[in-house]
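Visitor: Compute the structure for the input listed below.
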Amino acid sequence: MGIAILILMAVGVLLMLTRILPTAFALALLALGIALISGSPLTGAKDSILTGVLQNGAITLAATMIAVLLGSWLGTLLDQTGIGGTLVRKIVEFGGERPAVVALGVFAVSILCGSITGSAPAAMLAGVIGIPAMIAVGLRPVAAAGTVLMGISAGSPLELPVWQFMSDALGAPVSEVRTVMIRLFPIALVVGIAYVLVQTRRGARHAWAVQLDRPKARVRRGDAPWYALVTPLIPIVLALGLTVPIVPSLLAGVVYALITTTKWGDLNERALRSLYKGFEVAAPPIALFVAIGMLLAAVKLPGAKTALTPIVAAISPSGPIWFVIVFAALVPLCLFRGPLNVFGLGAGVAGVLVTGGIYPLTAVVGLMASYNQVFSVSDPTSTQTVWAAQYAGVRPERSMLSTLPFTWLVGLGGMVLTAVLYLWVDHPL
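Guide: Here you go, the predicted structure:
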């Protein structure tokens, strides 16, 4: 039975890689297939296909869906109120003709955008103005795209919806997820800065020589008030400094953005318009989270757990040293929607590692968070990578080659940190 489930998972990866089926559809079908192979009844019991997998699985990540929606709403407000554009313009004006200063400034703004919302919206917030500005002062287009992506990735450990996803998907308390993410953030930050400095020292291109096929520039909305520019920090400060729950922290950011940028008479219209746009932005990840919830419910079924745990335990490395060596070598498997992508089949793999008791819960959180640092920047099929690369006028594969050595280093650093903190005490070798 376990071998049959693994073969089915391989078929699911193939369907996603070849884009025969969208990721969400492939994961939902995979969940149904695992449930059938596991011998679950169609109806009736708690662990039945209709109740346990489809009904309960679909709402497993409900808290994550709400967090994603609020993050998308806040990201939309950063765009519509001009907060994001103002942050980038101020950085560009301060940097002048100094490529390193401009790039580091856009990198910093990208961290803030990545801490609010992920995927393409974050890339657009920082990149619509930032990418042309970096190219204008001499950065190569591939480096300009990579700078935005590395900044978004560095902001990912501070992204509250990601905390909620890790908590819901793996069953870890938000406090434990927060601890892991805070410890991962300095690694992503230092490596991201190193990427920017290396790229800005590889020689400049003349702006007149750069010809890009980019969308038309957006109409400038004007600068947001200076006191509104701290909006991206509001949820982070509340969640990190005051341990306010994730949803209220994001709501506070939304309210602050509205009241600091909008006239009283226009509040209702702007709030509703941005919320509806937020729904549009959040729809694709929410659909994916519904399917991931079904997959998690399927791999936790008694039959699937009994079949998969011995196989996964046998092939999983034991001891912190082999943990780092093996899982660092497997980093490419989180690319191209591979089996270690936590926003895909990797969620099921993580679920097996947790339910089977193969590694401590915090170690699985650290492992998947490390893989996410690679996927969020270097996967040429992820929406933020595709948008940033195409907006800069390069192929996503070129962006991958530019960033992968650095994101691999972030992933390795995260795994070393995970092994030392959560595995070394119990298994020193």
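
Visitor: which residues of the stretch 1-150 of the chain fall in strands?
Guide: Here the stretch 1-150 of the chain has no strands by DSSP state E, counting those that start in this stretch.

Visitor: Where do the helices of it begin and end?
Guide: 2-17, 23-37, 56-58, 62-80, 83-95, 99-116, 119-136, 141-155 (DSSP state H, counting those that start in this stretch).

Visitor: Any idea which of the ones you listed gets closest to residue 323?
Guide: Between residue 323 and these, the tightest spacing by Cβ to Cβ is seen for helix 2-17, at 20.9 Å. For the C-beta atoms, the positions are set from N, CA and C on the backbone; glycine is no exception.

Visitor: residues of that closest one that come out buried?
Guide: Going by neighbour count (16 or more other Cβ atoms under 10 Å), the buried part of helix 2-17 is 2, 5-6, 8-9, 12-13, 15-16.

Visitor: How about stretch 190-202?
Guide: For stretch 190-202, by 16+ other Cβ under 10 Å, it's 191-193, 195-196, 199-200.

Visitor: Please enumerate residues in contact with it?
Guide: Contacting residues not belonging to stretch 190-202 are listed as 99-100, 103-104, 107, 111, 139-140, 143, 146-147, 150-151, 153-154, 402-403, 406-407, 409-410, 413 [Cβ atoms under 8 Å, 6 or more residues apart in numbering].

Visitor: What's the mean pLDDT across the lengthiest helix in the chain?
Guide: In the chain, assigned by DSSP state H, the helix with the most residues is helix 267-299. Helix 267-299 carries an average pLDDT of 92.

Visitor: Next: stretch 400-414.
Guide: In this model, stretch 400-414 carries a mean pLDDT of 94.

Visitor: Just the buried positions in it, please.
Guide: For stretch 400-414, the neighbour count (16+ other Cβ under 10 Å) marks 400, 402-404, 406-414 as buried.

Visitor: which residues of the protein score low on pLDDT?
Guide: Applying pLDDT under 70 to the chain flags residues 203-222, 425-429.

Visitor: re the thing from before, now do the longest helix of the chain: which elements does it pack against?
Guide: Helix 267-299 is packed against helix 23-37, helix 56-58, helix 62-80, helix 160-170, helix 246-261, helix 302-315, helix 345-355, with contacts defined by 3 or more Cβ pairs under 8 Å, 6 or more residues apart in numbering; DSSP states H and E.

Visitor: What is the fifth one packed up against?
Guide: The one in question is helix 246-261. Short answer (3+ Cβ pairs under 8 Å, 6+ apart): helix 246-261 packs on helix 62-80, helix 160-170, helix 233-236, helix 267-299.

Visitor: Which parts of the stretch 301-429 of the chain are helices?
Guide: Going by DSSP H, counting those that start in this stretch, the stretch 301-429 of the chain shows helices at 302-315, 320-329, 345-355, 361-378, 383-392, 396-418.

Visitor: Ok, which of those helices comes nearest residue 179?
Guide: helix 361-378 (7.8 Å).

Visitor: can I get the CA coordinates of the closest one in PDB?
Guide: Below are the C-alpha coordinates for helix 361-378, written out as PDB (Å, rounded to 0.1, in the frame of the first residue of the first chain):
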ATOM      1  CA  LEU A 361       7.700  19.100  15.200                       C
ATOM      2  CA  THR A 362       9.900  22.200  15.300                       C
ATOM      3  CA  ALA A 363      12.500  20.400  13.200                       C
ATOM      4  CA  VAL A 364      10.000  19.800  10.500                       C
ATOM      5  CA  VAL A 365       8.900  23.500  10.700                       C
ATOM      6  CA  GLY A 366      12.500  24.600  10.300                       C
ATOM      7  CA  LEU A 367      13.100  22.200   7.400                       C
ATOM      8  CA  MET A 368      10.100  23.300   5.400                       C
ATOM      9  CA  ALA A 369      10.800  27.000   6.200                       C
ATOM     10  CA  SER A 370      14.300  26.500   4.800                       C
ATOM     11  CA  TYR A 371      12.900  25.000   1.600                       C
ATOM     12  CA  ASN A 372      10.500  27.800   1.300                       C
ATOM     13  CA  GLN A 373      13.300  30.300   1.200                       C
ATOM     14  CA  VAL A 374      14.600  28.600  -1.900                       C
ATOM     15  CA  PHE A 375      11.300  28.100  -3.600                       C
ATOM     16  CA  SER A 376      10.100  31.700  -3.000                       C
ATOM     17  CA  VAL A 377      13.000  33.200  -4.900                       C
ATOM     18  CA  SER A 378      14.500  30.700  -7.300                       C
END
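
Visitor: That helix packs against which elements?
Guide: The contact analysis (3+ Cβ pairs under 8 Å, 6+ apart) places helix 361-378 against helix 141-155, helix 160-170, helix 174-200, helix 320-329, helix 345-355, helix 383-392, helix 396-418.

Visitor: export the ones you listed to TSV and tack on distance to residue 364?
Guide: Below are the helices and strands packed on helix 361-378 laid out as TSV (distance: least, Cβ to Cβ, whole Å):
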stretch	distance to residue 364
helix 141-155	20
helix 160-170	6
helix 174-200	10
helix 320-329	11
helix 345-355	5
helix 383-392	25
helix 396-418	9
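
Visitor: that older thread, check the helices of the stretch 1-150 of the chain for me and report the most buried one.
Guide: Among these, judged by mean count of other Cβ atoms under 10 Å, the one packed with the most neighbours on average is helix 141-155 (a mean of 31).

Visitor: what's the distance between that one and the middle of its chain?
Guide: Remark: helix 141-155 is offset 13 Å from the chain centroid, using Cα atoms, centre = their mean, to the nearest Å.

Visitor: cool, and stretch 256-276?
Guide: That offset, for stretch 256-276, works out to 27 Å (Cα atoms, centre = their mean).
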